[in-house]
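1. quick one: sequence and predicted model below, then my questions.
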There are 2 protein chains.
Amino acid sequence: MKISLVRNVLEANERIARENKRLFDETGVLVINLMSGPGAGKTSLLERTIEALKDKIRIGVVEGDIQTSKDGERIASLNIPVVQINTDGACHLDGNMVKETLQHFTLKDLDLLVVENVGNLVCPAEFNIGEDFKVMLLSVTEGEDKPEKYPLMFMESKVLLINKIDLLPYLDVSLEGIKQAAKRVNSDLMIIEVSCKTGEGLETWYDWLLNRVSEKSKLYKKS
Amino acid sequence: MKISLVRNVLEANERIARENKRLFDETGVLVINLMSGPGAGKTSLLERTIEALKDKIRIGVVEGDIQTSKDGERIASLNIPVVQINTDGACHLDGNMVKETLQHFTLKDLDLLVVENVGNLVCPAEFNIGEDFKVMLLSVTEGEDKPEKYPLMFMESKVLLINKIDLLPYLDVSLEGIKQAAKRVNSDLMIIEVSCKTGEGLETWYDWLLNRVSEKSKLYKKS
(Lines give C-alpha, C1' and ligand atoms only; values in the text may rest on other atoms or scores of the structure.)
Protein backbone atom coordinates (compact mmCIF):
# COMPACT_ATOMS: atom_id res chain seq x y z
CA MET A 1 0.00 0.00 0.00
CA LYS A 2 2.79 2.40 0.83
CA ILE A 3 4.54 1.78 -2.45
CA SER A 4 1.43 2.24 -4.56
CA LEU A 5 0.64 5.54 -2.90
CA VAL A 6 4.16 6.77 -3.50
CA ARG A 7 3.72 5.82 -7.15
CA ASN A 8 0.43 7.73 -7.30
CA VAL A 9 2.01 10.78 -5.71
CA LEU A 10 4.86 10.69 -8.22
CA GLU A 11 2.44 10.16 -11.13
CA ALA A 12 0.25 13.05 -10.01
CA ASN A 13 3.37 15.18 -9.70
CA GLU A 14 4.48 14.25 -13.22
CA ARG A 15 1.12 15.36 -14.62
CA ILE A 16 1.32 18.74 -12.89
CA ALA A 17 4.97 19.14 -13.89
CA ARG A 18 4.01 18.56 -17.53
CA GLU A 19 1.32 21.24 -17.25
CA ASN A 20 3.86 23.65 -15.80
CA LYS A 21 6.29 22.81 -18.63
CA ARG A 22 3.65 23.51 -21.26
CA LEU A 23 3.00 26.92 -19.71
CA PHE A 24 6.73 27.66 -19.57
CA ASP A 25 7.09 26.69 -23.23
CA GLU A 26 4.09 28.75 -24.35
CA THR A 27 5.54 31.81 -22.67
CA GLY A 28 9.12 31.09 -23.76
CA VAL A 29 10.61 31.32 -20.28
CA LEU A 30 13.61 29.13 -19.43
CA VAL A 31 13.12 27.41 -16.07
CA ILE A 32 16.01 26.13 -13.95
CA ASN A 33 15.48 23.88 -10.93
CA LEU A 34 18.43 24.77 -8.69
CA MET A 35 19.31 22.11 -6.14
CA SER A 36 22.01 21.30 -3.55
CA GLY A 37 22.55 20.23 0.02
CA PRO A 38 22.13 22.88 2.72
CA GLY A 39 24.62 25.74 2.61
CA ALA A 40 26.31 24.88 -0.69
CA GLY A 41 25.65 28.42 -1.91
CA LYS A 42 22.47 28.40 -4.02
CA THR A 43 21.30 31.83 -2.88
CA SER A 44 24.78 33.32 -3.23
CA LEU A 45 24.98 31.96 -6.77
CA LEU A 46 21.58 33.47 -7.51
CA GLU A 47 22.60 36.86 -6.15
CA ARG A 48 25.75 36.86 -8.29
CA THR A 49 23.84 35.68 -11.35
CA ILE A 50 21.10 38.28 -11.00
CA GLU A 51 23.60 41.09 -10.53
CA ALA A 52 25.54 39.99 -13.60
CA LEU A 53 22.60 39.34 -15.92
CA LYS A 54 19.66 41.47 -14.86
CA ASP A 55 20.42 44.14 -17.44
CA LYS A 56 20.57 41.53 -20.21
CA ILE A 57 17.61 39.27 -19.42
CA ARG A 58 14.45 39.45 -17.31
CA ILE A 59 14.74 37.15 -14.31
CA GLY A 60 12.23 35.85 -11.77
CA VAL A 61 12.89 33.63 -8.76
CA VAL A 62 10.91 31.11 -6.71
CA GLU A 63 12.53 30.56 -3.31
CA GLY A 64 11.82 27.24 -1.63
CA ASP A 65 12.51 26.90 2.08
CA ILE A 66 11.07 24.82 4.86
CA GLN A 67 10.72 27.92 6.99
CA THR A 68 11.64 31.62 6.95
CA SER A 69 11.69 34.09 4.06
CA LYS A 70 15.39 34.97 4.52
CA ASP A 71 16.38 33.86 1.03
CA GLY A 72 13.37 35.53 -0.56
CA GLU A 73 14.30 38.80 1.14
CA ARG A 74 17.91 38.54 -0.09
CA ILE A 75 16.67 38.12 -3.66
CA ALA A 76 13.91 40.76 -3.39
CA SER A 77 16.51 43.35 -2.41
CA LEU A 78 17.88 42.99 -5.95
CA ASN A 79 14.58 44.34 -7.33
CA ILE A 80 13.45 41.34 -9.29
CA PRO A 81 10.15 39.45 -8.87
CA VAL A 82 10.44 36.71 -6.24
CA VAL A 83 7.92 34.38 -4.59
CA GLN A 84 8.84 32.58 -1.36
CA ILE A 85 7.43 29.11 -0.76
CA ASN A 86 7.53 27.80 2.80
CA THR A 87 7.06 24.04 2.66
CA ASP A 88 6.40 23.90 6.42
CA GLY A 89 8.41 20.74 6.97
CA ALA A 90 8.42 19.19 3.51
CA CYS A 91 11.90 18.35 2.27
CA HIS A 92 11.52 19.26 -1.41
CA LEU A 93 9.47 21.32 -3.86
CA ASP A 94 6.99 19.56 -6.11
CA GLY A 95 5.12 20.51 -9.26
CA ASN A 96 2.06 21.73 -7.44
CA MET A 97 3.96 24.04 -5.08
CA VAL A 98 5.65 25.66 -8.07
CA LYS A 99 2.35 25.87 -9.97
CA GLU A 100 0.80 27.80 -7.06
CA THR A 101 3.48 30.50 -7.36
CA LEU A 102 3.00 31.10 -11.09
CA GLN A 103 -0.04 33.36 -10.71
CA HIS A 104 2.31 35.85 -9.03
CA PHE A 105 4.52 36.20 -12.12
CA THR A 106 3.81 37.57 -15.57
CA LEU A 107 5.59 34.71 -17.29
CA LYS A 108 5.55 36.21 -20.77
CA ASP A 109 7.57 39.13 -19.40
CA LEU A 110 10.31 36.83 -18.07
CA ASP A 111 13.23 35.22 -19.91
CA LEU A 112 14.45 33.12 -16.99
CA LEU A 113 12.75 31.70 -13.91
CA VAL A 114 15.04 30.11 -11.34
CA VAL A 115 13.42 27.86 -8.77
CA GLU A 116 15.70 27.51 -5.74
CA ASN A 117 14.77 24.20 -4.17
CA VAL A 118 14.97 23.22 -0.49
CA GLY A 119 18.56 22.52 0.60
CA ASN A 120 18.65 18.74 0.43
CA LEU A 121 20.91 16.49 -1.63
CA VAL A 122 18.32 13.70 -1.76
CA CYS A 123 14.59 14.31 -2.16
CA PRO A 124 14.37 17.32 -4.53
CA ALA A 125 15.90 15.23 -7.34
CA GLU A 126 12.88 12.90 -7.28
CA PHE A 127 10.29 15.54 -8.15
CA ASN A 128 10.10 17.26 -11.52
CA ILE A 129 8.58 20.73 -11.40
CA GLY A 130 8.33 21.35 -15.14
CA GLU A 131 11.84 22.74 -15.43
CA ASP A 132 13.93 22.82 -18.62
CA PHE A 133 17.06 21.86 -16.69
CA LYS A 134 18.08 20.74 -13.26
CA VAL A 135 21.27 22.44 -12.11
CA MET A 136 23.04 21.46 -8.90
CA LEU A 137 25.70 22.89 -6.65
CA LEU A 138 28.18 20.99 -4.55
CA SER A 139 30.53 22.75 -2.17
CA VAL A 140 34.11 21.45 -2.14
CA THR A 141 33.75 21.29 1.65
CA GLU A 142 31.26 18.42 1.22
CA GLY A 143 33.97 16.02 0.06
CA GLU A 144 34.75 13.69 -2.83
CA ASP A 145 32.33 10.90 -1.95
CA LYS A 146 29.05 12.75 -2.48
CA PRO A 147 28.36 11.88 -6.15
CA GLU A 148 28.53 8.17 -5.44
CA LYS A 149 26.70 8.39 -2.11
CA TYR A 150 23.89 10.59 -3.45
CA PRO A 151 23.80 9.62 -7.13
CA LEU A 152 20.28 10.61 -8.20
CA MET A 153 20.77 14.38 -8.15
CA PHE A 154 24.02 14.05 -10.09
CA MET A 155 22.27 11.78 -12.61
CA GLU A 156 19.32 14.12 -13.07
CA SER A 157 21.32 17.33 -13.40
CA LYS A 158 22.54 18.89 -16.63
CA VAL A 159 25.13 21.09 -14.90
CA LEU A 160 27.13 20.65 -11.71
CA LEU A 161 28.60 23.81 -10.24
CA ILE A 162 31.39 22.96 -7.82
CA ASN A 163 31.39 25.93 -5.46
CA LYS A 164 33.71 27.43 -2.83
CA ILE A 165 36.89 26.53 -4.75
CA ASP A 166 38.54 29.43 -2.88
CA LEU A 167 38.58 27.13 0.17
CA LEU A 168 40.55 24.34 -1.56
CA PRO A 169 43.92 25.35 -0.05
CA TYR A 170 42.49 24.74 3.43
CA LEU A 171 40.81 21.38 2.78
CA ASP A 172 41.96 17.77 2.46
CA VAL A 173 39.90 17.31 -0.67
CA SER A 174 40.77 16.84 -4.32
CA LEU A 175 38.83 18.86 -6.89
CA GLU A 176 39.86 16.30 -9.49
CA GLY A 177 38.52 13.56 -7.22
CA ILE A 178 35.12 15.24 -6.99
CA LYS A 179 34.98 15.70 -10.75
CA GLN A 180 35.95 12.10 -11.48
CA ALA A 181 33.35 10.79 -9.04
CA ALA A 182 30.67 12.98 -10.61
CA LYS A 183 31.60 11.79 -14.11
CA ARG A 184 31.43 8.17 -12.99
CA VAL A 185 27.82 8.78 -11.96
CA ASN A 186 26.88 10.91 -14.99
CA SER A 187 29.38 11.06 -17.85
CA ASP A 188 27.30 13.76 -19.63
CA LEU A 189 27.36 16.15 -16.68
CA MET A 190 28.74 19.60 -17.49
CA ILE A 191 30.99 20.63 -14.60
CA ILE A 192 31.86 24.26 -13.84
CA GLU A 193 34.22 25.14 -10.99
CA VAL A 194 33.25 28.38 -9.28
CA SER A 195 33.65 30.56 -6.24
CA CYS A 196 30.62 32.69 -5.50
CA LYS A 197 32.86 34.58 -3.08
CA THR A 198 35.63 35.60 -5.50
CA GLY A 199 33.60 35.29 -8.72
CA GLU A 200 36.06 32.82 -10.25
CA GLY A 201 34.51 30.62 -12.93
CA LEU A 202 31.14 32.34 -12.96
CA GLU A 203 31.52 33.72 -16.50
CA THR A 204 31.31 30.17 -17.83
CA TRP A 205 28.07 29.66 -15.93
CA TYR A 206 26.61 32.96 -17.17
CA ASP A 207 27.50 32.06 -20.77
CA TRP A 208 25.85 28.66 -20.48
CA LEU A 209 22.73 30.22 -19.00
CA LEU A 210 22.48 33.03 -21.57
CA ASN A 211 22.86 30.53 -24.41
CA ARG A 212 20.03 28.39 -23.04
CA VAL A 213 17.80 31.47 -22.57
CA SER A 214 18.54 32.52 -26.13
CA GLU A 215 17.78 29.06 -27.53
CA LYS A 216 14.49 28.78 -25.67
CA SER A 217 13.45 32.28 -26.63
CA LYS A 218 14.05 31.53 -30.33
CA LEU A 219 12.19 28.23 -30.16
CA TYR A 220 9.10 29.28 -28.25
CA LYS A 221 8.78 33.03 -27.86
CA LYS A 222 5.88 34.67 -29.57
CA SER A 223 6.77 37.75 -31.54
CA MET B 1 -5.60 9.96 2.13
CA LYS B 2 -2.02 11.02 1.74
CA ILE B 3 -1.93 12.64 5.16
CA SER B 4 -3.53 9.71 6.95
CA LEU B 5 -1.09 7.28 5.39
CA VAL B 6 1.82 9.45 6.43
CA ARG B 7 0.39 9.42 9.93
CA ASN B 8 0.14 5.64 9.81
CA VAL B 9 3.70 5.35 8.62
CA LEU B 10 4.89 7.59 11.44
CA GLU B 11 2.77 5.68 13.99
CA ALA B 12 4.11 2.35 12.79
CA ASN B 13 7.61 3.77 13.01
CA GLU B 14 7.00 4.97 16.57
CA ARG B 15 5.92 1.48 17.60
CA ILE B 16 9.05 -0.12 16.14
CA ALA B 17 11.24 2.62 17.61
CA ARG B 18 9.79 1.90 21.07
CA GLU B 19 10.56 -1.80 20.62
CA ASN B 20 14.13 -0.93 19.67
CA LYS B 21 14.40 1.36 22.70
CA ARG B 22 13.20 -1.40 25.04
CA LEU B 23 15.87 -3.72 23.65
CA PHE B 24 18.55 -1.04 24.03
CA ASP B 25 17.47 -0.44 27.63
CA GLU B 26 17.41 -4.15 28.51
CA THR B 27 20.94 -4.54 27.23
CA GLY B 28 22.15 -1.22 28.70
CA VAL B 29 23.59 0.10 25.47
CA LEU B 30 23.52 3.85 24.85
CA VAL B 31 22.25 4.63 21.35
CA ILE B 32 23.04 7.87 19.54
CA ASN B 33 21.26 8.90 16.33
CA LEU B 34 23.91 11.00 14.55
CA MET B 35 22.49 13.38 11.95
CA SER B 36 23.63 16.23 9.68
CA GLY B 37 23.49 17.51 6.15
CA PRO B 38 25.79 15.88 3.59
CA GLY B 39 29.50 16.36 4.20
CA ALA B 40 29.30 18.01 7.62
CA GLY B 41 31.71 15.41 8.99
CA LYS B 42 29.69 12.64 10.67
CA THR B 43 32.04 9.84 9.62
CA SER B 44 35.14 11.86 10.50
CA LEU B 45 33.66 12.55 13.94
CA LEU B 46 32.97 8.85 14.35
CA GLU B 47 36.51 7.90 13.36
CA ARG B 48 37.96 10.35 15.87
CA THR B 49 35.56 9.24 18.59
CA ILE B 50 36.25 5.55 18.06
CA GLU B 51 40.01 6.09 18.11
CA ALA B 52 39.77 8.09 21.31
CA LEU B 53 37.33 5.87 23.20
CA LYS B 54 37.63 2.33 21.93
CA ASP B 55 39.94 1.29 24.76
CA LYS B 56 37.50 2.68 27.32
CA ILE B 57 34.12 1.54 26.03
CA ARG B 58 32.80 -1.04 23.58
CA ILE B 59 31.43 0.69 20.48
CA GLY B 60 29.31 -0.51 17.56
CA VAL B 61 28.21 1.48 14.50
CA VAL B 62 25.30 1.37 12.07
CA GLU B 63 26.15 3.25 8.88
CA GLY B 64 23.22 4.60 6.88
CA ASP B 65 23.79 5.62 3.28
CA ILE B 66 21.62 5.77 0.21
CA GLN B 67 24.27 3.91 -1.73
CA THR B 68 27.84 2.61 -1.34
CA SER B 69 29.54 1.10 1.69
CA LYS B 70 32.34 3.68 1.75
CA ASP B 71 31.54 4.89 5.26
CA GLY B 72 31.07 1.36 6.58
CA GLU B 73 34.50 0.43 5.25
CA ARG B 74 36.09 3.48 6.89
CA ILE B 75 34.62 2.45 10.23
CA ALA B 76 35.33 -1.28 9.81
CA SER B 77 39.02 -0.50 9.35
CA LEU B 78 39.03 0.59 13.01
CA ASN B 79 38.19 -2.99 14.04
CA ILE B 80 34.84 -2.40 15.64
CA PRO B 81 31.53 -4.04 14.67
CA VAL B 82 29.74 -2.12 11.92
CA VAL B 83 26.64 -2.80 9.82
CA GLN B 84 26.07 -0.82 6.63
CA ILE B 85 22.49 -0.02 5.61
CA ASN B 86 21.91 1.06 2.01
CA THR B 87 18.52 2.75 1.84
CA ASP B 88 18.51 2.51 -1.97
CA GLY B 89 17.06 5.97 -2.49
CA ALA B 90 15.36 6.63 0.84
CA CYS B 91 16.40 9.89 2.44
CA HIS B 92 16.49 8.81 6.10
CA LEU B 93 16.76 5.81 8.40
CA ASP B 94 13.66 4.58 10.21
CA GLY B 95 13.03 2.29 13.15
CA ASN B 96 12.61 -0.80 11.05
CA MET B 97 15.84 -0.35 9.12
CA VAL B 98 17.74 -0.07 12.38
CA LYS B 99 15.88 -3.03 13.87
CA GLU B 100 16.99 -5.18 10.93
CA THR B 101 20.65 -4.50 11.74
CA LEU B 102 20.42 -5.48 15.41
CA GLN B 103 20.69 -9.22 14.81
CA HIS B 104 24.24 -8.56 13.61
CA PHE B 105 25.35 -7.13 16.95
CA THR B 106 25.68 -8.70 20.39
CA LEU B 107 24.05 -5.75 22.11
CA LYS B 108 24.85 -6.85 25.65
CA ASP B 109 28.53 -6.71 24.74
CA LEU B 110 28.27 -3.07 23.62
CA ASP B 111 28.31 0.12 25.70
CA LEU B 112 27.60 2.49 22.82
CA LEU B 113 25.89 2.08 19.47
CA VAL B 114 26.14 5.03 17.10
CA VAL B 115 23.71 5.12 14.19
CA GLU B 116 25.04 7.40 11.48
CA ASN B 117 22.00 8.59 9.57
CA VAL B 118 21.76 9.55 5.89
CA GLY B 119 23.27 12.97 5.21
CA ASN B 120 20.17 15.14 5.13
CA LEU B 121 19.30 18.13 7.31
CA VAL B 122 15.55 17.53 6.94
CA CYS B 123 13.96 14.07 6.91
CA PRO B 124 16.04 12.06 9.42
CA ALA B 125 14.79 14.28 12.25
CA GLU B 126 11.21 13.08 11.66
CA PHE B 127 11.88 9.40 12.38
CA ASN B 128 12.78 8.07 15.80
CA ILE B 129 14.84 4.89 15.70
CA GLY B 130 14.74 4.09 19.42
CA GLU B 131 17.77 6.22 20.26
CA ASP B 132 18.57 7.68 23.67
CA PHE B 133 19.73 10.94 22.11
CA LYS B 134 19.79 12.64 18.76
CA VAL B 135 23.09 14.41 18.13
CA MET B 136 23.65 16.63 15.12
CA LEU B 137 26.57 18.20 13.32
CA LEU B 138 26.60 21.44 11.41
CA SER B 139 29.65 22.58 9.49
CA VAL B 140 30.54 26.26 9.81
CA THR B 141 30.69 26.32 6.01
CA GLU B 142 26.90 25.83 5.93
CA GLY B 143 26.24 29.33 7.25
CA GLU B 144 24.36 31.08 10.04
CA ASP B 145 20.85 30.69 8.68
CA LYS B 146 20.54 26.91 8.92
CA PRO B 147 18.97 26.57 12.40
CA GLU B 148 16.08 28.80 11.47
CA LYS B 149 15.69 27.41 7.96
CA TYR B 150 15.82 23.75 9.08
CA PRO B 151 14.50 23.98 12.65
CA LEU B 152 13.25 20.44 13.32
CA MET B 153 16.64 18.73 13.60
CA PHE B 154 17.91 21.48 15.92
CA MET B 155 14.75 21.15 18.02
CA GLU B 156 15.02 17.35 18.26
CA SER B 157 18.73 17.19 19.07
CA LYS B 158 20.28 17.14 22.52
CA VAL B 159 23.73 18.17 21.29
CA LEU B 160 24.85 20.29 18.36
CA LEU B 161 28.47 19.84 17.30
CA ILE B 162 29.59 22.80 15.19
CA ASN B 163 32.35 21.30 13.05
CA LYS B 164 35.19 22.58 10.84
CA ILE B 165 35.93 25.57 13.08
CA ASP B 166 39.48 25.44 11.65
CA LEU B 167 37.98 26.98 8.48
CA LEU B 168 36.52 30.04 10.24
CA PRO B 169 39.39 32.38 9.25
CA TYR B 170 38.55 31.77 5.60
CA LEU B 171 34.77 32.21 5.79
CA ASP B 172 32.38 35.14 6.02
CA VAL B 173 30.47 33.46 8.81
CA SER B 174 30.09 34.20 12.52
CA LEU B 175 30.37 31.31 14.95
CA GLU B 176 28.47 33.42 17.48
CA GLY B 177 25.76 33.97 14.86
CA ILE B 178 25.34 30.24 14.32
CA LYS B 179 25.15 29.62 18.07
CA GLN B 180 22.62 32.37 18.67
CA ALA B 181 20.43 31.11 15.83
CA ALA B 182 20.58 27.55 17.20
CA LYS B 183 19.66 28.76 20.70
CA ARG B 184 16.70 30.71 19.32
CA VAL B 185 15.37 27.44 17.88
CA ASN B 186 16.24 25.28 20.91
CA SER B 187 17.37 27.06 24.06
CA ASP B 188 18.25 23.73 25.75
CA LEU B 189 20.63 22.65 22.99
CA MET B 190 24.13 21.81 24.20
CA ILE B 191 26.58 23.30 21.70
CA ILE B 192 30.15 22.06 21.29
CA GLU B 193 32.54 23.72 18.83
CA VAL B 194 34.91 21.23 17.24
CA SER B 195 37.31 20.56 14.43
CA CYS B 196 37.52 16.90 13.46
CA LYS B 197 40.62 17.87 11.47
CA THR B 198 42.66 19.44 14.29
CA GLY B 199 40.88 17.73 17.20
CA GLU B 200 39.99 21.03 18.85
CA GLY B 201 37.00 20.78 21.17
CA LEU B 202 36.57 17.02 20.87
CA GLU B 203 37.49 16.33 24.52
CA THR B 204 34.25 18.05 25.58
CA TRP B 205 32.31 15.76 23.25
CA TYR B 206 34.09 12.66 24.51
CA ASP B 207 33.36 13.65 28.12
CA TRP B 208 29.68 14.18 27.40
CA LEU B 209 29.46 10.83 25.65
CA LEU B 210 31.34 8.89 28.36
CA ASN B 211 29.11 10.40 31.04
CA ARG B 212 25.97 9.34 29.18
CA VAL B 213 27.37 5.82 28.65
CA SER B 214 28.19 5.60 32.34
CA GLU B 215 24.72 6.79 33.39
CA LYS B 216 22.94 4.36 31.11
CA SER B 217 25.15 1.49 32.16
CA LYS B 218 24.39 2.15 35.85
CA LEU B 219 20.65 2.45 35.23
CA TYR B 220 20.09 -0.56 33.03
CA LYS B 221 23.06 -2.89 32.86
CA LYS B 222 22.62 -6.30 34.30
CA SER B 223 25.41 -7.39 36.52
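-> That came in fine, so what should we check first?

2. so what's the residue count around residue A:51?
-> Residue A:51 has 10 neighbours, counted by other Cβ atoms under 10 Å in any protein chain shown. Backbone N, C-alpha and C define where each C-beta goes, glycine included.

3. now do the SS call for it.
-> Following DSSP: H, G, I helix; E, B strand; the rest coil, the label given to residue A:51 is helix.

4. and the one 4 residues further on, by the same measure?
-> The three-state label given to residue A:55 by three-state DSSP is coil.

5. contact partners of stretch A:203-210?
-> Stretch A:203-210 has contacts (Cβ atoms under 8 Å, 6 or more residues apart in numbering or on different chains) with A:32, A:45, A:49, A:52-53, A:56-57, A:112, A:159, A:161, A:190, A:192, A:194.

6. could you do stretch A:96-103 as well?
-> With Cβ under 8 Å, 6+ apart, stretch A:96-103 has contacts from A:13, A:16, A:19-20, A:23, A:62, A:64, A:83, A:85, A:87, A:115, A:129-130.

7. rewinding a little: okay, the contacts of stretch A:203-210 in TSV with distance to chain B next?
-> Conversion of the contacts of stretch A:203-210 to TSV gives the following (distance: Cβ to the nearest Cβ, whole Å):
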residue	distance to chain B
A:32	21
A:45	13
A:49	18
A:52	19
A:53	23
A:56	28
A:57	28
A:112	24
A:159	19
A:161	15
A:190	21
A:192	19
A:194	15
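
8. in the longest helix seen in chain A, what counts as buried?
-> Scanning chain A for the helix with the most residues, using DSSP state H, yields helix A:2-26. Of the residues in helix A:2-26, A:13, A:16-17, A:20-21, A:24 count as buried by neighbour count, 16 or more other Cβ atoms under 10 Å in any protein chain shown.

9. least confident pick among those residues?
-> When those are compared by pLDDT, residue A:13 scores lowest at 91.

10. and that residue, what does it touch?
-> A:94-96, A:127-128.

11. cool, and residue A:82?
-> Applying Cβ under 8 Å, 6+ apart, the residues contacting residue A:82 are A:60-63, A:72, A:75-76.

12. so which of those residues comes closest to residue B:146?
-> residue A:63 (15.5 Å; Cβ to Cβ).

13. now, of the contacts of stretch A:203-210, which are buried?
-> Among these, those classed as buried by 16+ other Cβ under 10 Å are A:32, A:45, A:49, A:52-53, A:57, A:112, A:159, A:161, A:192, A:194.

14. quick one: those residues as TSV, columns for pLDDT too.
-> Output for the buried ones among the contacts of stretch A:203-210, formatted as TSV (pLDDT from 0 to 100):
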residue	pLDDT
A:32	98
A:45	98
A:49	98
A:52	98
A:53	98
A:57	98
A:112	98
A:159	98
A:161	98
A:192	98
A:194	98
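
15. just put those residues in CSV and tack on distance to residue A:167.
-> Formatted as CSV, those follow (distance: Cβ to Cβ, whole Å):
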residue, distance to residue A:167
A:32, 25
A:45, 15
A:49, 20
A:52, 22
A:53, 25
A:57, 30
A:112, 29
A:159, 21
A:161, 15
A:192, 17
A:194, 12
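
16. pretty sure residue A:136 sits in a helix.
-> No. Counting by three-state DSSP, residue A:136 falls outside a helix, being strand.

17. right, and it touches residue A:155 too?
-> No. Counting by Cβ atoms under 8 Å, residue A:155 is not a contact partner of residue A:136; they are 10.4 Å apart.

18. now the contacts of residue A:13: which count as buried?
-> Among those, those buried by neighbour count (16+ other Cβ under 10 Å) are A:94-96, A:127-128.

19. my read is that residue A:57 contacts residue A:111, right?
-> Yes. Contact criterion Cβ under 8 Å: residue A:57 and residue A:111 qualify, at 4.1 Å.

20. okay, and the residue most central in space within chain A sits in which element?
-> Nearest to the mean C-alpha position of chain A, by Cα atoms, centre = their mean, lies residue A:34 at 0.8 Å. For residue A:34, the host element (DSSP states H and E) is strand A:30-35.

21. how far off centre is that strand?
-> Relative to its parent chain, strand A:30-35 has a centroid offset of 4 Å by Cα atoms, centre = their mean, to the nearest Å.

22. could you pull up the residues touching residue A:118?
-> Residue A:118 touches A:64-66, A:87, A:90-93, A:124, B:122, counting by Cβ under 8 Å, 6+ apart.

23. count residues in the vicinity of residue A:88, would you?
-> Residues near residue A:88, counting by other Cβ under 10 Å, number 8.

24. how close does it sit to residue B:200?
-> Distance, residue A:88 to residue B:200, by Cβ to Cβ, to the nearest Å: 37 Å.
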